[in-house]
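>>> Here is a sequence with its predicted model. Questions after.
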Amino acid sequence: MNNNYAETASIKIVDISDDMFAEKMQYDLTAEQVSGFIDSLDDMNELPRKAGGRGYYTLSLYDKNGELIDDIQVDLNKRFTDSKGVSYRSDKMKAWLGSVESSLDMSIASVLGRTPSQNYFSLMSEASSGSLKEEMKTNFDKVLDKKLSEDDVKGLADALRDAEISVSTSEISEKKYTVDVYDEYGASLYILYADSDLNVFTDYGYEVSGGNIKEWMEQCINDQQS
């Protein structure tokens, strides 16, 4: 672990990727919270990156001169990954993160469910794998369960690059298909839902249209069924 973490004088909580949301998130932690972070560095266990949780937010650590020490990405499993790609977790740090989130009234929905910007899908540059699954209504249904190929993932990235995202949420009346996208370590990047008409939504109900996203869905479904 970075030995300079103990020199942390201030911490900001920011988004995992700049400009993903219409309104940026930034919290400046108190001196007491910074001290709690330093105290929680004991007994940190290094973890394999594979199958990490979905990215939640970033802790930006600064020294007393205002120089950046490191950007740490925190995932939904309350483990953090430093800028070198090394992941850590401990019960002490998990408790500290929970305390900070509670004090700021942070919730998964309040962080990840904010109105997306048109750069919302910027993390597709890190996409490495994924799946397309059809909802099973009964245990006897034969449904689509497709592992996305490298070309499928590239095609999805291309489609989402030019897609438009609504600025208001809609209730998803039917979740017939689910698209999960992961980075090279198995961490979740995006979850998309589609109804039977292949109208596509983010997991928080923002409609995604244009950019050939519907055509991409049709092609993946037809490829699997042929």
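Sure, I can see it.

>>> so how far is Ile172 from the residue nearest in space to the middle of the chain?
Residue closest to the mean C-alpha point of the chain, counted by C-alpha atoms, centre = their mean, is Gly55 at 3.8 Å. Using C-beta to C-beta, to the nearest Å, we find Gly55 at a distance of 23 Å from Ile172. Every residue, glycine included, has its C-beta placed from N, CA and C.

>>> Please identify the buried residues of stretch 121-139?
121-124, 126-127, 129-130, 132, 134 (16 or more other C-beta atoms under 10 Å).

>>> Rebuild these as CSV, extending it with pLDDT.
Formatted as CSV, those follow (pLDDT from 0 to 100):
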residue, pLDDT
Phe121, 95
Ser122, 94
Leu123, 94
Met124, 95
Glu126, 92
Ala127, 95
Ser129, 95
Gly130, 96
Leu132, 95
Glu134, 92
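
>>> coming back round to it: who's in contact with the residue nearest to the centre of the chain?
The contact partners of Gly55, taken as C-beta atoms under 8 Å, 6 or more residues apart in numbering, are 16, 73-76, 123, 187, 189.

>>> Please apply the same query to Asn4.
Taking C-beta under 8 Å, 6+ apart, one finds 63, 69-70 in contact with Asn4.

>>> Provide the secondary structure category for it.
Using DSSP: H, G, I helix; E, B strand; the rest coil, the structure places Asn4 in helix.

>>> Make residue 1 into 36 and carry on from there
Sure thing, new numbering starts at 36, so read that last one as Asn39.

>>> pLDDT at it, what is it?
Note for Asn39: predicted pLDDT of 93.
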